[in-house]
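1. Need a 3D model of the sequence below.
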Amino acid sequence: MPAALPLNPDNQPMGANLVPDKSGAVFRCWAPRAARVWVAGSFNAWATDDDFELNRRGDYFIGFIPGVKDGDEYKFLVEGAIGRAYKRDPYARELGKDPGYPYCNCIVRDPGSYAWQDQGWRPPAHHDLVIYQLHVGTFNGPNRTSRVAKFLDVLGKLDYLAALGINAVQLLPIVEFASGRSRGYEGSDIFSPEMDYCVGAAEVPLYLPLVNGLRGRAGMPLLTAADLVPQPNQLKAMIDLFHRWGIAVILDVVYNHVGGQVKGQQESFWNFEQAQMWSDDDSSYNSSRDHTGPCFALWKAPVRQFLIDNAKFFQEEYHCDGFRYDQVSAIVSENAGHGWGFCQALTGTLESQRPEAVQIAEYWNVDPWVVRFPMHGGAGFDACLHDVLRTSVRDALSAAAWGGHVEMERIARALWVPGFLNAWRAVQCIESHDEVDFGRGERIPKLGDPGNPRSWWARSRARVAHGLLLTAPGIPMLFMGQEFLEDKQWSNDPDWQPGNLLWWDGLDYGLDPVQGRFHRFMEELTWLRRRVPALRSETLRVLHCNSGTRVLAFHRWLPGSGQEVVVIASLGIRTMPGYELAWPGAGHWNEVFNSDAYDDYAPTGNPGGTHAWAAPRDGLPATARVTLPANAVLVFQRG
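-> Below is the predicted model of the structure:
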C-alpha cells in the first residue's frame with residue numbers, strides 16, 4: 001500500500017518537508033513521465049517496498065512518511081522507461097558529505113532549526129547601496145591555496161567590511177556545484193549550499209570563538225557546535241551577523257543554465273524521470289539549448305515554478321536581501337516566447353513577497369526595458385549592470401598610461417547611463433569577477449601603470465578611477481581586493497593559479513604601505529558617499545569637460561535641501577594652479593575630499609576651499625578658481 005496522502009496533497013510544497021508536529025515528512029516531486037517513485041533513506045533502512053512508494057497526482061508524486069526527522073538522509077528512487085535509478089531531490093535543502101559528490105545523499109532539514117536574530121532588519125534603500133562583490137571560496141581563510149574557504153571564514157572580515165563603509169555584499173553563486181573549485185556558475189543542486197563552503201562537524205568547534213565572539217558583541221544568543229553542524233545553518237549564521245552589522249546580503253543566482261556536468265550524473269535532475277531520451281530536449285528540466293551548460297526549459301510551467309521557488313526559498317529561509325541574476329539576456333534569447341514572461345513572473349513574485357529586496361539583472365547588451373515595470377512591458381528588475389562607466393574609465397586610464405588622448409567627454413556621457421529613467425537603476429563598477437578574471441582584463445593599478453602597479457602613476461590614477469565610481473550616479477559595486485589596490489587578476493582556482501589570491505598580509509600586517517594608504521583612501525571615500533546625500537541623489541550636471549587638460553567637473557545636489565557638491569576629476573600629468581571653470585553658484589565652497597592627501601607626500605589642493613564669484617560662464621551663474629593636483633579627485637561642498 002503506498003504512503004499516506006497528506007491533507008491538500010496538490011498544494012504541498014516540493015521536496016522534503018517536515019510536518020508541523022515533527023511526526024514525519026511529506027515528500028513531493030515532479031515526474032510526469034515516471035511510472036513509479038519511492039522514497040528511501042536512513043529512516044527506513046533504505047527500503048523501497050510499497051509503504052514508501054509515493055502516490056501519483058497528475059504529473060506529481062507525493063506521500064507522507066512517518067518517523068522522518070531533521071538530519072535524516074534520503075533519495076528518490078524513480079522508475080521510468082529506461083529502468084530504476086536513485087535521484088537526488090531537485091529541492092534538497094542540503095547534501096551530505098558522504099559518500100561524496102555526486103553520489104551523496106539528500107538531507108532532510110527543518111528550516112526552524114536555526115533561530116534567526118534579525119527581527120526588524122531592513123536592507124538599505126536601493127539608491128543607498130554600496131555593493132561589495134566577493135567569492136566565498138577564495139575570499140578569506142587559512143591555507144587558501146590548498147583549502148576552499150568557508151562561509152564562516154567570511155566572518156573573519158566582517159568588522160573590516162563594515163569599517164570600509166559598504167552596506168551590501170554580493171556573493172558569487174553559493175549553491176552546490178560539481179567541483180570544489182569554481183566561480184560558481186555551473187550549479188547542479190540549486191537549493192543546497194555548496195558543501196565545500198561548509199565545515200564538517202569536527203571543524204565546527206574551531207569556529208565557535210569567532211562566531212560567538214561576534215554574536216556576544218551584538219547581544220545575540222550564543223550558539224553551540226550542534227547549532228552549526230547543519231550546513232544551511234552556517235550560511236544562515238553568516239547572513240544573520242551581516243544583518244546585525246548593517247550589511248545586506250545579495251546572492252548571485254543562475255537561472256539561464258545548469259552546470260554541464262549534470263548530463264553525466266545519473267543521480268542529478270537531468271532526466272529525473274528515467275524517460276527514454278531521443279534528444280536533450282527530452283530532459284525533465286533542461287533543453288538542447290546551451291549557454292555554457294544546458295539551458296532550463298522555460299516553456300514548461302513546472303520548470304519556471306522551480307526557479308521562482310528557488311528565489312522565494314532563499315528570501316524566506318535564508319533572509320537574503322536580493323539577487324543578482326546571471327545573464328538574463330540568455331534567459332530571454334534561449335527561451336523565445338517564454339523568457340521575458342518568466343522574468344516578469346519572477347520579479348513580480350519576489351516584489352510582492354519582499355519589495356525592499358533588490359533584484360539586479362545582468363543583461364548584455366543593456367536594454368533599459370529590463371528595469372521597467374511589467375505593467376508597461378518591462379521585465380521588472382530593480383537595477384541592471386551597466387558597462388558604459390566601466391569601459392570609459394578603464395579606457396581612459398589605459399590611454400593616460402600610454403600617453404594617448406584621454407576621452408573625458410566619454411566619461412562625462414557615461415555618468416548618467418542612457419535610456420534609464422532613474423540613475424540608481426544602473427549598477428556601476430570598474431572591476432568585477434568577469435572583468436578581472438584570470439586571463440581577461442587587468443586590475444585598475446595595472447591599467448594605471450602596466451610596468452609598475454605600485455608606482456605613483458598607478459596609485460594616483462587608481463584613486464581617480466575610484467573617485468569617479470563612488471561620486472557618480474548609480475549603485476557602485478566594488479570587487480574584492482580593489483579597495484586595497486590588489487593588482488593581480490583574480491582566479492577561483494588557486495590550485496592552478498596559486499599566486500592570484502588576495503594578499504591580505506600586505507594590508508593586515510603592514511607589509512605593503514601602499515595598500516594601507518589606498519585602503520584608507522577607499523574607506524574615507526566610501527563613507528563620504530554614505531555621509532553626503534547629494535552623492536546618492538538623482539541629480540547630475542556636467543559643469544566642465546576638457547580632454548585637452550584631462551579635466552572633468554560635475555555637480556550633484558539634493559533637491560530642496562540646499563545640499564550640493566562639485567566633483568572635479570583630473571588625469572592631468574602635472575598640477576594646475578588657478579584652474580578656472582564654470583560653477584553652479586557663487587559663495588564659499590569647502591574642499592571636503594582630496595585624493596592627493598592619501599600618499600606619502602604633502603598634498604596639493606585647496607585647504608581653505610574656494611570662493612566662487614558671480615561671473616556667468618558656460619551657461620552657469622558663477623566661476624571658480626581651484627588648484628588641481630595631477631591625477632586627483634576633489635570634492636567641494638557648499639559652505
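2. Quick check: the most centrally placed residue in the chain vs residue 478, distance?
-> Centre of the chain computed as the mean C-alpha position; nearest residue by Cα atoms, centre = their mean is residue 170, 2.6 Å away. Using Cβ to Cβ, to the nearest Å, residue 170 is found at 10 Å from residue 478. Every C-beta, even on glycine, is put in place using the N, C-alpha and C of the backbone.
3. Count the neighbours of residue 146 for me.
-> 9 (other Cβ atoms under 10 Å).
4. distance from the centroid: which residue in the chain tops it?
-> Farthest out in the chain is residue 1, which, by Cα atoms, centre = their mean, sits 47.7 Å from the centre.
5. Next one, pLDDT for the closest residue to that one other than its chain neighbours please.
-> Closest residue to residue 1 apart from its sequence neighbours, by Cβ to Cβ, 6 or more residues apart in numbering: residue 50 at 5.7 Å. For residue 50, the pLDDT comes out at 92.
6. For the residue nearest to residue 134 when sequence neighbours are not counted, which residues are in contact?
-> Distances taken as Cβ to Cβ, 6+ apart place residue 480 nearest to residue 134, at 4.3 Å, with adjacent residues excluded. By Cβ atoms under 8 Å, 6 or more residues apart in numbering, the contact set of residue 480 is 132, 133, 134, 135, 139, 486, 490, 502.
7. farthest pair in those residues?
-> The most widely separated members of those are 132 and 490, with 13.9 Å between them, by Cβ to Cβ.
8. can you list contacts of stretch 1-16?
-> By Cβ under 8 Å, 6+ apart, the list of residues contacting stretch 1-16 reads 19, 25-30, 39, 50-55, 57-58, 60, 62-66, 68, 74, 89-93, 106, 108, 191, 306, 309.
9. Report the buried members of those residues.
-> 25-30, 39, 51-55, 60, 62-65, 68, 74, 89-93, 106, 108, 191, 306, 309 (16 or more other Cβ atoms under 10 Å).
10. still on that earlier bit, select from the contacts of residue 480 every entry located in strands.
-> Per DSSP state E, strands hold the following members of the contacts of residue 480: 132, 133, 134.
11. nearest to residue 288, of those residues?
-> residue 133 (32.4 Å).
12. Report how many residues lie close to that closest one.
-> 23.
13. Please name every helix or strand in contact with the strand or helix carrying residue 517.
-> Secondary structure from DSSP states H and E places residue 517 in helix 513-531. Counting contacts by 3 or more Cβ pairs under 8 Å, 6 or more residues apart in numbering; DSSP states H and E, helix 513-531 is packed against helix 158-164, helix 456-471, helix 504-508, strand 587-594.
14. Tell me which residues are up against the last one.
-> What that stands for is strand 587-594. Taking Cβ under 8 Å, 6+ apart as the rule, strand 587-594 contacts 467, 524-525, 528, 532, 565-566, 583, 603, 605-612, 624, 629, 632-639.
15. buried stuff in the helix or strand that that strand is followed by?
-> Note on strand 587-594: by DSSP H and E, the next helix or strand toward the C-terminus is strand 610-612. Judged by neighbour count using 16+ other Cβ under 10 Å, the buried positions of strand 610-612 are 610, 612.
16. for the following helix or strand past strand 610-612, packing partners?
-> Note on strand 610-612: by DSSP H and E, the next helix or strand toward the C-terminus is strand 622-628. Packing partners of strand 622-628 (3+ Cβ pairs under 8 Å, 6+ apart): strand 563-570, strand 576-583, strand 610-612, strand 632-638.
17. packing partners for the shortest one?
-> In this structure, strand 610-612 makes packing contacts with strand 587-594, strand 622-628, judged by 3+ Cβ pairs under 8 Å, 6+ apart.
18. Report the mean per-residue pLDDT for the last one.
-> For strand 622-628, the mean per-residue pLDDT is 98.
19. can I assume residue 470 is in contact with residue 476?
-> Yes - judged on Cβ atoms under 8 Å, residue 470 makes contact with residue 476 at a distance of 5.3 Å.
20. Could you pull out the residues contacting both of those two?
-> What both residue 470 and residue 476 touch, as defined by Cβ under 8 Å, 6+ apart, is the set 130, 529.
21. List the contacts of residue 127.
-> So residue 127 contacts 422, 424, 475, 536, 537, 538 (Cβ under 8 Å, 6+ apart).
22. Tell me which of the residues you listed fall in strands.
-> Short answer: these in strands (DSSP E) are residue 475.
23. of the contacts of residue 127, closest to residue 43?
-> residue 475 (46.9 Å).
24. show me what contacts the closest one?
-> Residues in contact with residue 475 (Cβ under 8 Å, 6+ apart) are 126, 127, 129, 130, 131, 383, 424, 426, 427, 428.
25. Residue 17 now?
-> With Cβ under 8 Å, 6+ apart, residue 17 has these contacts: 25, 26, 28.
26. I'd guessed the first one sits against residue 19; true?
-> Yes - with contact defined as Cβ under 8 Å, residue 25 reaches residue 19; the gap is 6.7 Å.
27. Now the common contact residues for the two.
-> residue 64.
28. How is residue 453 assigned, secondary-structure-wise?
-> What DSSP: H, G, I helix; E, B strand; the rest coil gives for residue 453 is coil.
29. for it, what are its contacts?
-> 443, 445, 446, 485, 487.
30. again, only this time at 10 Å
-> Going by Cβ atoms under 10 Å, 6 or more residues apart in numbering, residue 453 touches 442-447, 459, 462, 485-488, 514.
31. what's the answer for residue 106, then?
-> Taking Cβ under 10 Å, 6+ apart as the test, what residue 106 contacts is 15-16, 41, 72-76, 87-96, 189, 191-192, 267.
32. Quick check, residue 317 in contact with residue 94.
-> No - at 11.4 Å, residue 317 does not count as touching residue 94 under the criterion of Cβ atoms under 10 Å.
33. so where's the stretch 401-550 of the chain uncertain?
-> For the stretch 401-550 of the chain, no stretch has pLDDT under 70.
34. re the thing from before, specify which member of the contacts of residue 480 is nearest to residue 348.
-> Distances from residue 348 to the contacts of residue 480, taken by Cβ to Cβ, are shortest for residue 133, at 26.1 Å.
35. OK, contacts around the closest one?
-> Contacts of residue 133 by Cβ under 10 Å, 6+ apart are 166, 168-172, 250, 252, 324, 427, 429, 431-433, 477-480, 482.
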